[in-house]
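Q: My questions concern the predicted model and sequence given below.
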Amino acid sequence: MKVLLVEDDPSIASVVSRGLGDAGFGVEHVGNGKDAIAAQGYDFVLLDLGLPDMDGFDVCKAIRVKSQVPIIILTARSDEFDRVVGLELGADDYVVKPFGMRELVARIRAVLRRGGIEHGNHDTAISVGALSIDEKTRRAVIDGNELALTPKEFDLLAYLAASPDVVHRRNDILEHVWDTEWYGPTKTLDAHVAALRKKLGNQEWIEAVRGVGFRLKDPAQ
Ligand code: CA
């Protein structure tokens, strides 16, 4: 699995390259948009938006024209406008700087899993402690018992479980699980979290992080 890292800041590039290497990914690093578009033979793109020669969004568009390879945008811009534009241009996810390597690797794995390109593992099942979720058969099992989930409850659980311990922002969850352009009231999300907690049999599976969002964690850990 080779990652194309498009990043003009050498200090960020070296930290990310090393972190990806430690996580078992191969890395090709380029420092501008022109080289990014010319690069070949990679399986995944990490794309900085602020590049010296062109806008990262244009690089995203140019890569999308020739390839369906997963793209995660690295951005210092966290406002909603860019997020929507990025997803419309075909990016699969975005990570706001500064980010931790653990979060970045979790996001990469989640995107690969959604695309069915599991890194070093072709199983579609996700396991977190006693919980296992199979996105292909859309079954969630806890301690050997299948959970009776609505489709949205399943999607929400699968989304959170794809990167356990990572805090997901409310808007990110709404975009991924409901609709990428859905910015309505977030009561629906709270109702689904409450229903899931009940079905999981332990409130601690889904932790609310005040003012941010939610994360899934194994209560036995
Ligand atoms: Ca930059």
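A: Ah, there it is.
Q: Phi, psi for whichever residue of the chain sits closest to the ion please.
A: Residue nearest to the ion within the chain: Gly50 (3.7 Å; C-beta to the ion). Backbone N, C-alpha and C define where each C-beta goes, glycine included. When read as degrees, to the nearest 10, the backbone of Gly50 gives phi -90, psi 90.
Q: Dig out what it forms beta bridges with.
A: Asp55 (DSSP bridges).
Q: quick one, what contacts it?
A: Neighbour list for Gly50: 8, 56, 75-76 [criterion: C-beta atoms under 8 Å, 6 or more residues apart in numbering].
Q: cool, Ile126 as well?
A: Contacts of Ile126 (C-beta under 8 Å, 6+ apart): 113, 132-135, 158, 161-162.
Q: quick revisit: what about burial for the contacts of Gly50, which qualify?
A: 8, 56, 75 (16 or more other C-beta atoms under 10 Å).
Q: Run through those and flag the ones next to the ion.
A: Asp8 (C-beta under 5 Å from the ion).
Q: Dump the buried ones among the contacts of Gly50 into a markdown table; add pLDDT as well.
A: As requested, the buried ones among the contacts of Gly50 are exported to a markdown table (pLDDT from 0 to 100):
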| residue | pLDDT |
| --- | --- |
| Asp8 | 96 |
| Gly56 | 91 |
| Thr75 | 86 |
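Q: Tell me the one of the contacts of Gly50 nearest Ala208?
A: Thr75 (25.7 Å; C-beta to C-beta).
Q: Hmm, the closest one is touching Lys97, no?
A: Yes. Thr75 lies in contact with Lys97 (C-beta atoms under 8 Å); the separation is 6.5 Å.
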